[in-house]
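> The following block contains a protein sequence and its predicted model.
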There are 2 protein chains.
Amino acid sequence: MGEFELIDRFFRRPVRRQPLGIGDDCALLAPAPGMQLAVSSDLLVEGRHFLSTVDPARLGHKCLAVNLSDLGACGARPVAFTLALSLPQADAAWLAPFANGLLALADEHGCELVGGDTTRGPLTVCITVFGDVPAGQALLRSSARPGDEVWVSGHLGDARAALEVFRGRLSLPTPAFEKARARLEQPTPRVALGQALRGTATAAIDVSDGLAGDLGHILRQSGVGACLSQPALPPLMAISDALATDPALACVLHGGDDYELAFTAPAERHQAVIRAAARSRTPVHCIGRIEAEPGLRLRDAQGHITSVRDAGFDHFA
Amino acid sequence: MGEFELIDRFFRRPVRRQPLGIGDDCALLAPAPGMQLAVSSDLLVEGRHFLSTVDPARLGHKCLAVNLSDLGACGARPVAFTLALSLPQADAAWLAPFANGLLALADEHGCELVGGDTTRGPLTVCITVFGDVPAGQALLRSSARPGDEVWVSGHLGDARAALEVFRGRLSLPTPAFEKARARLEQPTPRVALGQALRGTATAAIDVSDGLAGDLGHILRQSGVGACLSQPALPPLMAISDALATDPALACVLHGGDDYELAFTAPAERHQAVIRAAARSRTPVHCIGRIEAEPGLRLRDAQGHITSVRDAGFDHFA
């Protein structure tokens, strides 16, 4: 199977909403008047971002999901994506489920594959995703204000717990492990929530390197700090019943690979956040407050405050 | 050196013309009214697209050049790009010249680095480039017509000759090798020519997999054929004096890595093509004609016509 047959067989489909898709030197996108184009790239490398044994359908889903998650964190609506794929060989038994997983999620979000590149090499997937957002309405990292409430969507820490099981450092009952593993391998990008939060949230980020590290980006870029409620955190984990409090707290704060949204909103918009969450059918949790004093802090049930290192996952640390 | 220090130290610069650059979940691009956005991705893998011994500054140049070349082939003006970089380690002695080579070419074309991703892994560079083009004016592959003249820019075949020297299959005098090697390692994207050809060329493609293969895409997508003049071809090679006619012809037709434009234009626009070339200070050569009969043919000095296989370089063949 050659390069062009590979593209035709697994990835080419009629492009419906863009002026030009796969098969020319460039794809052409035509943003509507008044819209800005939100752009994000993620590179996933075998052995670093996924295990060689991962189900290719789940991998296809995840490669696009992590990019859609960035659109969600900007409040952008998915429009299109490009796929650059390096493969050790052109293996139909791998490519068919990979393409199915990828394109099923793309269809769910109305996001069209418009171009890319294929080559032989170590298994590597680079997706660049495009979304549109009305000019001036994108959710940024730099606009959290003291007094804002801190929120997160969905569940945090489960993906890291699954990774620790794969690494042999943690054991979990099978049902909890399968639940956590699905979160690691098939994250749900919070695209609808991001759009629903436009005009309500002051700042947003997607949690890919751990809550403390990613919230830390909002804090530094906004020139503020935050205090989180410790009792609110371990219950954020879907599988927290299967774990003691300590590892659960560590997984929630420093886990990574969650692809939930962490965001801030003024306290007086508390009900507006609840309504945005309901509209987008996404659970959200209020976990703390933005403060003027820099740094990230944790207040325990007794009111004692401790400082949290805000280091997230760093590929070169 | 951590991931964020790496980005800050080598790649982050103030973004001047886009609403938002590096450092948020997405970059934001704001195409002007009436403009379409041209998008192209290329993935370059060590050992496949470049040798591990290549000068990092030349590699930085080339990774962006091959993407700008796609914009040129669409007639688009460069606007911005994202960089996804997988590196075995964060090595300042490699990153500094790589970033310099990359950003020098970016500055030359007014193309801003707005975002991307960095991770540890096999040396892999994925760039997605964005250009703008007035709606309806992009140069496509599908609109060549019988009677059109076939043109190419600059020189063809030198890059392949250099590769064959590296592979030990060809020998060249040192000055010819250095000239050919510079073409392989630092190609010149024909961005100004592409824009100058809007409204004049009927179809265009950039020559990355070899003239026969890439022109073949225009022929198939336009439902036409072409006949090229054999005596016109070997002189297209900058170093043809250093080679016998046979390898020169093979390098020109099937070489690859040229990043010149192959394009078609009606014969009555011959002078308009010459003017577009002069305006963009790019040499162009008329090498044949589009014909109704499918396939690619070569007419020798005696008028004998032979068929040319149009297979270009295929990463999985």
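Nice, thanks for sending it over.
> Quick one: residues contacting A:S171.
A:V165 (Cβ atoms under 8 Å, 6 or more residues apart in numbering or on different chains). Bear in mind the C-beta positions are built from the backbone N, C-alpha and C, glycine included.
> ditto for A:L261
Each residue near A:L261 by Cβ under 8 Å, 6+ apart is listed here: A:69, A:72-73, A:151-153, A:190, A:193-194, A:197, A:204-207.
> Residues touching the helix or strand harbouring A:I290, excluding its own?
Element membership for A:I290, per DSSP states H and E: strand A:284-291. By Cβ under 8 Å, 6+ apart, the surrounding residues in contact with strand A:284-291 are A:144-154, A:193, A:219, A:222, A:224-229, A:232-233, A:236, A:264, A:267, A:270, A:273-274, A:277, A:297.
> Strands of chain A, residue ranges please.
Secondary structure of chain A (DSSP state E): strands at A:27-29, A:35-45, A:77-87, A:112-120, A:124-134, A:149-153, A:203-207, A:225-229, A:260-265, A:284-291, A:295-299, A:305-308.
> could you give the angle of the fourth one to strand A:124-134?
Compare the direction of strand A:112-120 with that of strand A:124-134 by axes from the mean of the first three to the mean of the last three Cα atoms, to 10 degrees and you get 160 degrees.
> Strand A:112-120 and chain B, are they touching?
Yes. Contact between strand A:112-120 and chain B, assessed by Cβ under 8 Å from any Cβ of the partner chain, occurs at A:V114, A:G115, A:G116, A:D117, A:T118, A:T119, A:R120.
> and the gap between the closest residue to A:V252 other than its chain neighbours and chain B?
The shortest distance from A:V252 to any non-neighbouring residue, by Cβ to Cβ, 6 or more residues apart in numbering or on different chains, is to A:G157 (4.0 Å). From A:G157 across to chain B, the span is 21 Å (Cβ to the nearest Cβ, to the nearest Å).
> ok, now which ones touch A:G157?
By Cβ under 8 Å, 6+ apart, the contact set of A:G157 is A:L236, A:M237, A:S240, A:A248, A:C251, A:V252, A:L253, A:G255, A:D258.
> Can you turn the buried subset of the contacts of strand A:284-291 into a selection I can paste into ChimeraX?
Buried residues among these (16 or more other Cβ atoms under 10 Å in any protein chain shown), as a ChimeraX selection:
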select /A:144,148,149,150,151,152,153,154,193,219,222,224,225,226,227,228,229,232,233,236,264,273,277,297
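> Ignoring the adjacent residues along the chain, who's closest to the residue positioned nearest the centre of chain A?
Taking Cα atoms, centre = their mean as the criterion, A:Y259 is the residue nearest the geometric centre of chain A, at 2.8 Å. Counting by Cβ to Cβ, 6+ apart, A:P187 is the residue found nearest to A:Y259 once chain neighbours are left out, at 3.8 Å.
> Quick check: phi and psi at that neighbour.
phi -70, psi 150 (degrees, to the nearest 10).
> Pretty sure it sits against A:S69.
Yes. Counting by Cβ atoms under 8 Å, A:P187 does reach A:S69; the two are 7.1 Å apart.
> anything in contact with each of the two?
Joint contacts of A:P187 and A:S69 (Cβ under 8 Å, 6+ apart) are A:Y259.
> which sections of the stretch 101-250 of chain A are below the confidence cut-off?
The stretch 101-250 of chain A contains no residues with pLDDT under 70.
> Recalculate using a threshold of 90.
A:116, A:167, A:169, A:234-248 (pLDDT under 90).
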